[in-house]
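S.K.: Take this sequence and fold it.
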Amino acid sequence: GMGEYAAVIAEKIGWDTDWCSMIRLAAPLHDVGKVGMRDAVLLKNGPLDDTEASHMKEHPEIGFRILSESTFPVMKMAARIALCHHERWDGTGYPRALKGSQIPVEASITTLADVYDALRSARPYKRAMTHEEVMKVITEGDGRTSPEHFRPDVLEAFKACADRLAEIFDRLADVEQANVREPVT
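M.R.: I've put the predicted structure just below:
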């Protein structure tokens, strides 16, 4: 899903087919640095304490180190995304508190794709939100997420292709349901 969301947003901001294909492959690797996280933190049910949270905040740097070993353009893009997908347009993100256009645009695209995907999905500690609820959180904020966190042109593109993102989510949810087999009795 992540890759498709990112490619749709990238297309909307005017990226050509090759670049859209690259981000479709690169965006899903954004969290690869979580392989370096301790299971106790990664699998914890409930909020992280300060030590755990600061450990978790190392995953962008770890992902960057892993992915930047490669010279392939897709992997170079994936490395930039991994490093910067928790940065925020207003400078309040991590790991480097980058601000505005210091953040690579491919990371800004992936951030929105990731937030959309995370909010639409159920997790052990939270329910899934509807498309409408997610659009409201992203465009108006909810105390944790704020529109100032997102690159303005990417946010506009995201809003403009929101219906397509909803279609992708629904299609993938249908595929998942089809793969769940009834137990044989």
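
S.K.: Against which helices or strands is the biggest helix by length in the chain packed?
M.R.: With secondary structure taken from DSSP state H, the chain has its longest helix at helix 162-179. Judged by 3 or more C-beta pairs under 8 Å, 6 or more residues apart in numbering; DSSP states H and E, helix 162-179 is in contact with helix 2-12, helix 105-120, helix 131-140. Bear in mind the C-beta positions are built from the backbone N, C-alpha and C, glycine included.

S.K.: Now do the last one: distance to the chain's middle.
M.R.: On the basis of C-alpha atoms, centre = their mean, to the nearest Å, the separation between the geometric centre of helix 131-140 and that of its chain is 15 Å.

S.K.: which helices and strands does it pack with?
M.R.: Using 3+ C-beta pairs under 8 Å, 6+ apart, helix 131-140 sits against helix 105-120, helix 152-160, helix 162-179.

S.K.: which of these sits most buried?
M.R.: helix 105-120 (a mean of 24; mean count of other C-beta atoms under 10 Å).

S.K.: got the contact list for that one?
M.R.: The contact list for helix 105-120, computed with C-beta atoms under 8 Å, 6 or more residues apart in numbering, reads 1-2, 5-6, 9-10, 13, 23, 26-27, 30, 77, 80-81, 83-89, 128-129, 131, 133-134, 137-138, 145, 149-151, 154-155, 158, 165, 169.

S.K.: ok, so what distance separates the residue most central in space within the chain from H59?
M.R.: Nearest to the mean C-alpha position of the chain, counting by C-alpha atoms, centre = their mean, stands D114 at 2.0 Å. Look at D114 and H59: by C-beta to C-beta, to the nearest Å, they are 13 Å apart.

S.K.: How about P47?
M.R.: P47 is 17 Å from H59, by C-beta to C-beta.

S.K.: go on, V154?
M.R.: Applying C-beta to C-beta to V154 and H59 gives a distance of 22 Å.
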